[in-house]
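*Asks:* 3D, please:
(one chain, ligands or ions: 2)
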Amino acid sequence: MTPLETLNKIYGYRNFIGLQEPVINRIINGGSALVLMPTGGGKSLCYQIPALCMDGTAVVISPLISLMQDQVSMLKELGIKAAALNSSLSLAESRITERQVLNGEIKLLYLSPEKILSDWFLNILKRLKISLFAIDEAHCISEWGHDFRPEYMQLTALRDQFPDVPVLALTATADEVTRKDIIKNLRMPSAKMFVSSFDRPNITYGVAFKDKEKSQLINFIENKHRGDSGIVYCLSRKRTEDFTELLREHGYNVFVYHAGLDKETRRKNQDIFIKRDGVIMVATNAFGMGIHKPDVRFVIHMDMPKSVEAYYQEAGRAGRDGLPADAMIFYGLKDIVQLRNFIEESTAPAQQKMVEHQKLNALIAYAESSTCRRQMLLNYFGESRAPSCPSCDNCLTPPVTYDATVHMQKFLSCVFRVSGETFSFGAQHIIDILLGKENEKIKKFHHDKLSTYGIGKDLPENDWKAVSRAAVITGMVKMDAEHSTLSLTEAAWPVLKSGQKVSLRKFTKPPSKKELKKQKTAQTVQMPPADNNLFEKLRKFRRMLADKENVPSYVVFSDKTLIEMAARKPKTLQEFAEISGVGEFKLKKYGEIFLKEITSN
Ligand code: ADP
Ligand code: ZN
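*Replies:* Residues are numbered from 1 along each chain as shown. Ligands and ions are numbered 1, 2, ... in the order given. This next block holds a predicted model:
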């Protein structure tokens, strides 16, 4: 079969997407390649289709056992002979698989890198006809990558043993240095590089300042994502527990994940998240590596992540299936100060601290920006071309900016006036003075006698909050992490004395429930209510079938495929086969029963 026939018949997809076709042709013709594609870019097919079109067994190296199992069950559902060998198997199970492999019955063999280690296993590989090596998460081989795994270095030896087998290295994150490392360590100097855009057009980016974080979170999920799968990231274990509690009280199906939980609980929670529909996972950044769940509809950060790289990777777990998804950050001054302290207090050398500060500042700039978020993210990763932005908060509702120089000066001089005192004061007190409030604290310290008392009545309180935030974020004012007290730094003088310009965005009310709902219909797949009912019914049916085989729902059919079924309502097997995602094997296995389910509506 040709690659296109394989795509149509086995996978039930009509066309290749992105760079899939040239990559596949390169491998089939015996060449090697390094492929950089974003999450959801369709990397798996780049090696699966050559594996099916070529003689012999394709060996896929993957760092995570859960991921391997997931892929193997997906392939089996397509009627493809696939197997995995890793440390989770019993000896007896391994022996059975090895025999199948040696008999040439397996088209795709997934291995963990440490498997390659043993001479014994290398001998098995030597007896095989290997069509290609696919190295998933290839950045793990680089010490410069953000996730170096020493066991990946074994792959260098593998290359020396099989110099003539084509290699396909795949990753979703690799800067220039990491790319060079991959090519060097995998001994593939003649590899062709395929780099696709890292834009994720189906993800809507948004950022909001934390004001009332609990209601902000609940409102966001309630209005835009009730019943959807999603991840909520927090900085600390304590906060993951708190938000889990909160969401549970609001009736959500929610689980928690952090490094403090025992292994079994973590495994169980992760398993539920992957297999079920509509589960929310509240987690620290310990969660997510290797989660290939395609139908995650939102990723919300309740605290500032530590770099744009980390953020893009975590947010990128949303919408792998190409359907609309949300990536939202709620951030506050406290988390920024806390992250800055982490960096300061670490034992890292000064140079590294500086780099970490820069990385954090780049993300803060993203959060505070008034321009297109998508563009900022892509620029950060070195893509200069301006993407059209179907949706980010700043493009949907462009913010209004104003010259805030005088206000900043007022704020700074007020901080200056109170910071000489033995008692120290936080941002809210400074704002109260500027607004001329008459509270006890002001009276007690005679702050109504200050020359800055009441000079800020021309600006609403919310805008003053933004001024105070900008003062801390730009480093003009230092905030003590423990008591949140403020003091001026050197950086304040250019604004205070020489009138260096400050521009800020005007505070706007967060979107109302009604507006949020409107945004939802603007971005999710438009489905008439009748179709939606059928979709929900098919989802339940899919769940039942998946449960029977103990596989995730999406292994049976993706949401995308179910949505198409609900819209087209096929009446014959012929019509059913035309739906994207219905290949020959699934047509046989599921055609009749799904038709029955659809027509009995
Ligand atoms: P990656 O590994 O790059 O994150 P995947 O290989 O998991 O991406 O693919 C993402 C999603 O896109 C999967 O649901 C996959 O089935 C689907 N997909 C991949 N290639 C095609 C295609 N040519 N046509 C339609 N859907 C595709
Ligand atoms: Zn935008």
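*Asks:* for the stretch 101-250 of the chain, give me the ranges with low pLDDT.
*Replies:* Where the stretch 101-250 of the chain drops to pLDDT under 70, the residues are 117, 145-146.
*Asks:* mind running it again at 90?
*Replies:* Within the stretch 101-250 of the chain, the stretches falling below the threshold (pLDDT under 90) are 112-125, 137, 139-161, 172-178, 197-198, 211, 223-224, 226-227.
*Asks:* find the closest residue to ligand 1 in it.
*Replies:* A172 (6.6 Å; CB to the nearest ligand atom). C-beta: built from backbone N, CA, C; applies to glycine.
*Asks:* top helix in the protein by residue count?
*Replies:* Determined from DSSP state H, the single longest helix within the chain is helix 529-549.
*Asks:* which other helices and strands contact the next helix or strand after that one?
*Replies:* For helix 529-549, the following helix or strand on the C-terminal side (DSSP states H and E) is helix 553-556. Judged by 3 or more CB pairs under 8 Å, 6 or more residues apart in numbering; DSSP states H and E, the packing partners of helix 553-556 are helix 65-77, helix 529-549.
*Asks:* one more pass at 10 Å, please.
*Replies:* In this structure, helix 553-556 packs against helix 65-77, helix 263-275, helix 529-549, helix 559-568, helix 584-599, with contacts taken as 3 or more CB pairs under 10 Å, 6 or more residues apart in numbering; DSSP states H and E.
*Asks:* just send these back as CSV, with mean pLDDT too.
*Replies:* CSV is the format used below for the helices and strands packed on helix 553-556 (pLDDT from 0 to 100):
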stretch, mean pLDDT
helix 65-77, 91
helix 263-275, 94
helix 529-549, 92
helix 559-568, 94
helix 584-599, 96
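*Asks:* now those helices in a markdown table, with mean neighbour count?
*Replies:* Shown next, in a markdown table, are the helices and strands packed on helix 553-556 (neighbours: other CB atoms under 10 Å):
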| stretch | mean neighbour count |
| --- | --- |
| helix 65-77 | 19 |
| helix 263-275 | 16 |
| helix 529-549 | 15 |
| helix 559-568 | 20 |
| helix 584-599 | 16 |
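*Asks:* tell me which of those lies nearest to ligand 2.
*Replies:* The closest of the helices and strands packed on helix 553-556 to ligand 2 is helix 559-568. By CB to the ion, the value is 24.1 Å.
*Asks:* which residues touch the residue of the stretch 101-250 of the chain closest to ligand 1?
*Replies:* The contact partners of A172, by CB atoms under 10 Å, 6 or more residues apart in numbering, come to 35-41, 43, 136-139, 198, 312-313, 316.
*Asks:* now for these: which two are most distant?
*Replies:* Maximum pairwise distance in these, criterion CB to CB, is 18.7 Å, between D136 and Y312.
*Asks:* show me how far the longest helix of the chain is from its chain's centre.
*Replies:* Mean C-alpha position of helix 529-549 versus that of the full chain (CA atoms, centre = their mean, to the nearest Å) differs by 26 Å.
*Asks:* which helices and strands does it pack with?
*Replies:* helix 65-77, helix 263-275, helix 553-556, helix 559-568, helix 584-599.
*Asks:* if we use 7 Å, what do you get?
*Replies:* Applying 3 or more CB pairs under 7 Å, 6 or more residues apart in numbering; DSSP states H and E, one finds that helix 529-549 makes contact with helix 553-556, helix 559-568, helix 584-599.
*Asks:* which other residues reach the first one?
*Replies:* Residues external to helix 553-556 that are found in contact with it (CB atoms under 7 Å, 6 or more residues apart in numbering): 73-74, 77, 275, 277, 294-295, 542-543, 545-546.
*Asks:* ok, is it in contact with ligand 1 or not?
*Replies:* No: contact of helix 553-556 with ligand 1 (CB under 6 Å from any ligand atom) is absent, the minimum separation being 7.4 Å.
*Asks:* the contacts of helix 553-556: which ones sit near ligand 1?
*Replies:* Among the contacts of helix 553-556, the residues within reach of ligand 1 (CB under 6 Å from any ligand atom) are P294.
*Asks:* and the residue located most distally from the centre of the chain, how far is that from K443?
*Replies:* Distance from the C-alpha centroid of the chain, by CA atoms, centre = their mean, peaks at K449 (51.4 Å). Distance of K449 to K443, computed by CB to CB, to the nearest Å: 10 Å.
*Asks:* before we move on, what about F330?
*Replies:* Separation of F330 from K443 (CB to CB) stands at 35 Å.
*Asks:* who's more crowded, those two?
*Replies:* Ranked by neighbour count (other CB atoms under 10 Å), F330 and K443 place F330 first, with 22 against 10.
*Asks:* now for the closest residue to that one other than its chain neighbours: which residues touch it?
*Replies:* Leaving aside its chain neighbours, F330 sits nearest to K210 (4.7 Å; criterion: CB to CB, 6 or more residues apart in numbering). Residues near K210 by CB under 7 Å, 6+ apart: 216, 330-332.
*Asks:* I appreciate the help and will end here.
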